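Enquirer: Below: sequence and its predicted model.
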Amino acid sequence: MVGRRSRAARRGFVVEQIRRGEGPVETRHGSPGRALAGHVHSYRGYRNERGGSARLRLVPSLRLNLDISLGVRPRLAGSGAVPAGAVYGMRTDPAVLVRNEGEGVLVELTPPGAYTMLGVPLWELANTVIDVADVLGRKAEQLVDRLAETPGWRARLALLDNSLAIRAAVGPQPAPQVVWAWQQLCRSSCHIPIAQLADEVGWTRRHLLTRFRQQIGLAPKTVSRVIRFQRALQLLQQPGSRPSVGSVAQLTGYSDQAHLTREFRALAGVTPVRLAGA
């Protein structure tokens, strides 16, 4: 089965190709409890028992992902298997993940939430995949084991939600100034100079840049670049009558179609048409 598109693009995963068998056969979506508002965007349980194998292109997004594999571990193309509990940092370049039969849970974290949950400078995670046990220790390993032993998606997602809520209550909190700057960038349709953001929060430009990279993972200018890329991708993937690549370039602030295409090649490794039709 080739050419199957997925709404997972906003989570930083685009299903590029499914081969062998029928691919994933069960998906369960879940929302976080109130205690995790602003920390966790969503949960997704997945299971594939039919011998399928999915290629997932990892593209830049505004989320970090915690992927807990409860079966055969996925692997990065050109590299080895990723950990059973893998944290995917925010990206500025493409990668390809190969997920074979098995099951697991994908947790979509906001950057401020990831900073609280993981308690490490998020710039260290950019463009990489780490073992969640490296930052949370034995508790992370125990959580993976408990999820594997728990039957049913409802019980699994409840267990995960409770565990992450405990972590959110005790983890470090991002500075209000950083959260405000992050929210301003997410709401804006264009790049906001860091000097302007720094003036608004009463910090120096250098201090805001340092704290922002620590607690969000990327520099503000790079975040704006990812925001524009994601908005263009969402327009290209909208159902029904899609706008042309040239129209999307104009709507999202690229200088022209060639500029948009260069950005897609740099950030996702493929052309806009190829990625939108994945």
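Expert: That came through fine.
Enquirer: got a list of contacts for stretch 180-190?
Expert: Contacts to stretch 180-190, defined as CB atoms under 8 Å, 6 or more residues apart in numbering, come from residues 62, 111-112, 192, 197, 200-201, 208, 212, 216, 220, 223-224, 227, 253. Just so you know, the C-beta spots here come from the backbone N, C-alpha and C atoms, and that holds for glycine as well.
Enquirer: pLDDT of it, averaged?
Expert: Summarised as a single mean, pLDDT over stretch 180-190 is 92.
Enquirer: What of stretch 259-273?
Expert: For stretch 259-273, the mean confidence score works out to 95.
Enquirer: which of the residues in that stretch are buried?
Expert: For stretch 259-273, the neighbour count (16 or more other CB atoms under 10 Å) marks 260-261, 263-264, 267-270, 272 as buried.
Enquirer: coming back round to it: wait, which of the contacts of stretch 180-190 is closest to A168?
Expert: P112 (10.4 Å; CB to CB).
Enquirer: The contacts of stretch 180-190 in strands, which ones?
Expert: Among the contacts of stretch 180-190, no residue falls in strands (DSSP state E).
Enquirer: Check the buried residues of stretch 259-273 and tell me the two furthest apart.
Expert: Longest distance between any two of the buried residues of stretch 259-273 is 14.7 Å, between L260 and G269; criterion CB to CB.
Enquirer: where does the stretch 1-150 of the chain dip in pLDDT?
Expert: In the predicted model, the stretch 1-150 of the chain carries pLDDT under 70 at residues 1-25, 49-52.
Enquirer: As a check, name the ranges of all helices in it.
Expert: In the stretch 1-150 of the chain, the helices defined using DSSP state H, counting those that start in this stretch lie at 111-118, 133-136, 138-149.
Enquirer: Over to the stretch 151-278 of the chain?
Expert: Shown for the stretch 151-278 of the chain, the helices assigned by DSSP H, counting those that start in this stretch span residues 153-170, 176-187, 194-201, 205-215, 220-236, 245-251, 257-268, 272-276.
Enquirer: Dump these to JSON lines, plus distance to A84.
Expert: Output for the helices of the stretch 151-278 of the chain, formatted as JSON lines (distance: least, CB to CB, whole Å):
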{"stretch": "helix 153-170", "distance to A84": "14"}
{"stretch": "helix 176-187", "distance to A84": "30"}
{"stretch": "helix 194-201", "distance to A84": "38"}
{"stretch": "helix 205-215", "distance to A84": "27"}
{"stretch": "helix 220-236", "distance to A84": "28"}
{"stretch": "helix 245-251", "distance to A84": "38"}
{"stretch": "helix 257-268", "distance to A84": "27"}
{"stretch": "helix 272-276", "distance to A84": "29"}
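Enquirer: Out of those helices, which is closest to I68?
Expert: That would be helix 153-170 among the helices of the stretch 151-278 of the chain, by CB to CB, at 7.9 Å.
Enquirer: tilt between that closest one and helix 111-118?
Expert: Here helix 153-170 runs at an angle of 90 degrees relative to helix 111-118 (axes from the mean of the first three to the mean of the last three CA atoms, to 10 degrees).
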